[in-house]
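> Predicted model, plus sequence, below.
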Amino acid sequence: MAVTHRARHTITVGAPAPTVYGIIADAAAWPRVFPPSVHVERIPLGDGEETLRVWATAHGGVKSWESRRRLDPDGLTIGFRQVRTSAPAASMGGEWRLRPLSGTSCEVELLHEFTAVDDDPENVAWLNRALDENSSAELSRMKATAESVDRLGELLCTFDDAVRIAAPAAEVHAFLWRARAWEERLPHVARVELTEPGPDVQTLEMDTIARDGSRHTTASVRVDLGPSRIVYKQLRVPPLLTAHVGAWLLDEEDGETTATARHTVVVDPSAVRLLGPGSTVADARAYVRDALGTNSLATLRHAKEFTERAAATG
């Protein structure tokens with residue numbers, strides 16, 4: 001019989017328990033809150049239950065799994081159990097427990113229990129390390145998010161840029177997904193390193209050239225969710241941000257495609273000073289919006305040129 005292993009991680013948060021519970025319950029927002037989370041697809045089942053499909057980084061790799069959750073906001077608990085695991089886990093489950101403390105603070109307890117494939121000691125060690133790394137990162141960022149929740153409206157920014165392309169969505173999708181070719185196809189991309197650790201998953205590291213000639217290195221995990229959507233999370237964010245997630249959205253009608261680049265960022269208020277004396281969060285939002293939007297529009301315009309030329313000659 002497989003040996004069940006257990007892990008426990010706790011943190012005290014200077015925010016009311018219902019506020020913290022809301023952050024944990026909102027799984028769709030995890031990628032901008034929890035550093036390991038790349039993307040979450042959420043399917044409500046009713047009666048306080050839901051299914052989550054999760055992509056996340058874990059101990060230097062990328063994993064995906066499917067979990068079932070039961071939410072109990074009155075009891076301040078959220079139980080979860082993976083129904084489709086990712087090796088080296090053979091099974092994984094646990095619970096979030098919140099306990100109000102005096103004043104407007106609470107204790108958050110994150111419990112895990114798991115079994116490892118073949119009961120292999122190396123698999124057990126890997127899972128314990130991954131749980132320690134991810135749980136610590138999640139609790140730390142959750143604490144920071146909850147304790148600054150009154151500023152979230154100011155720090156959180158989502159924006160879109162769209163281009164109409166006279167080509168089928170499948171062709172535009174292929175251009176966006178085959179990022180290995182961007183070094184030849186996109187003038188603002190100087191270097192690309194791409195790996196595919198699993199089906200429909202990529203890790204993408206690239207150097208981009210800004211309008212001022214400066215060179216920036218980014219690293220992202222990308223997930224292909226079908227012909228109309230590619231989502232990604234930037235793993236190394238610039239100093240102005242605590243999180244950056246995005247998506248390429250494709251809407252085809254009558255053989256033409258509206259391609260949209262969507263970005264969601266969270267500004268780090270402690271880093272706004274990097275823009276110069278007297279700079280504000282609004283200045284940082286504008287700066288990031290311009291920088292990210294410029295690159296995304298450049299990519300979409302080259303996708304338009306490439307796919308429309310191919311359609312005209314094909």
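Looks like it came in fine.
> Show me what the helix or strand that contains residue 190 pairs with in its sheet, parallel or antiparallel.
Per DSSP states H and E: residue 190 is located in strand 189-198. Here strand 189-198 has these sheet partners by DSSP bridges: strand 201-209 (antiparallel).
> Beyond the helix or strand containing residue 71, next helix or strand please.
Under the criterion of DSSP H and E, residue 71 resides in strand 61-72. As assigned by DSSP H and E, the chain's next helix or strand after strand 61-72 is strand 77-84.
> For the next helix or strand after that following strand, name the packing helices and strands.
Sequence order places strand 89-100 as the next helix or strand after strand 77-84, per DSSP H and E. With contacts defined as 3 or more C-beta pairs under 8 Å, 6 or more residues apart in numbering; DSSP states H and E, strand 89-100 has these neighbours: helix 17-25, strand 77-84, strand 106-116. C-beta coordinates here come from the backbone N, C-alpha and C atoms, glycine included.
> Let me know which of these is the nearest to residue 276.
Nearest to residue 276, of all these, is helix 17-25, at 32.3 Å by C-beta to C-beta.
> Run the chain-centre distance for the strand holding residue 71.
Distance of strand 61-72 from the chain centroid (C-alpha atoms, centre = their mean, to the nearest Å) equals 14 Å.
> Who are the packing partners of the helix ranked longest in the chain?
Criterion DSSP state H: the longest helix present in the chain is helix 281-313. Using 3+ C-beta pairs under 8 Å, 6+ apart as the contact test, the elements touching helix 281-313 are strand 156-165, helix 169-177, helix 182-185, strand 241-253, strand 256-267.
> can you put those in JSON lines and add mean pLDDT?
Output for the helices and strands packed on helix 281-313, formatted as JSON lines (pLDDT from 0 to 100):
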{"stretch": "strand 156-165", "mean pLDDT": "97"}
{"stretch": "helix 169-177", "mean pLDDT": "97"}
{"stretch": "helix 182-185", "mean pLDDT": "95"}
{"stretch": "strand 241-253", "mean pLDDT": "97"}
{"stretch": "strand 256-267", "mean pLDDT": "98"}
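> so can I have CSV of those showing distance to residue 302?
Listed next are the helices and strands packed on helix 281-313 as CSV, based on distance: least, C-beta to C-beta, whole Å:
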stretch, distance to residue 302
strand 156-165, 10
helix 169-177, 8
helix 182-185, 6
strand 241-253, 13
strand 256-267, 11
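> Format these as TSV; extra columns: distance to residue 305 and mean neighbour count.
Shown next, in TSV, are those (distance: least, C-beta to C-beta, whole Å; neighbours: other C-beta atoms under 10 Å):
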stretch	distance to residue 305	mean neighbour count
strand 156-165	9	16
helix 169-177	10	20
helix 182-185	9	15
strand 241-253	16	19
strand 256-267	12	20
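> Which of the ones you listed sits closest to residue 215?
Among the helices and strands packed on helix 281-313, if distance is taken as C-beta to C-beta, the winner is helix 182-185, at 13.4 Å.
> Give the other helices and strands that that closest one contacts.
Counting by 3+ C-beta pairs under 8 Å, 6+ apart, helix 182-185 packs on strand 189-198, helix 281-313.
> Tell me the gap between the last one and the middle of its chain.
Translated: helix 281-313. That offset, for helix 281-313, works out to 20 Å (C-alpha atoms, centre = their mean).
> mind listing what's buried in it?
For helix 281-313, a neighbour-count test (16 or more other C-beta atoms under 10 Å) marks 281, 284-285, 287-288, 291-292, 295-296, 298-300, 302-304, 306-308 as buried.
> Quick one: residues in contact with stretch 106-113.
For stretch 106-113, contacts defined as C-beta atoms under 8 Å, 6 or more residues apart in numbering pick out 4-13, 15-17, 20, 24, 92-101, 131, 135, 138-139, 142-143.
> how many neighbours does residue 79 have?
Neighbour count for residue 79, taken as other C-beta atoms under 10 Å: 18.
> what residues are up against it?
69, 70, 72, 93, 94, 95, 96.
> and those residues, which are buried?
Listed as buried from the contacts of residue 79 are 69, 93, 94, 95, 96; burial here means 16+ other C-beta under 10 Å.
> Take the residues you listed and lay them out in a markdown table including distance to residue 230.
Shown next, in a markdown table, are the buried ones among the contacts of residue 79 (distance: C-beta to C-beta, whole Å):
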| residue | distance to residue 230 |
| --- | --- |
| 69 | 26 |
| 93 | 30 |
| 94 | 30 |
| 95 | 33 |
| 96 | 30 |
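> That concludes my questions; thank you for your assistance.
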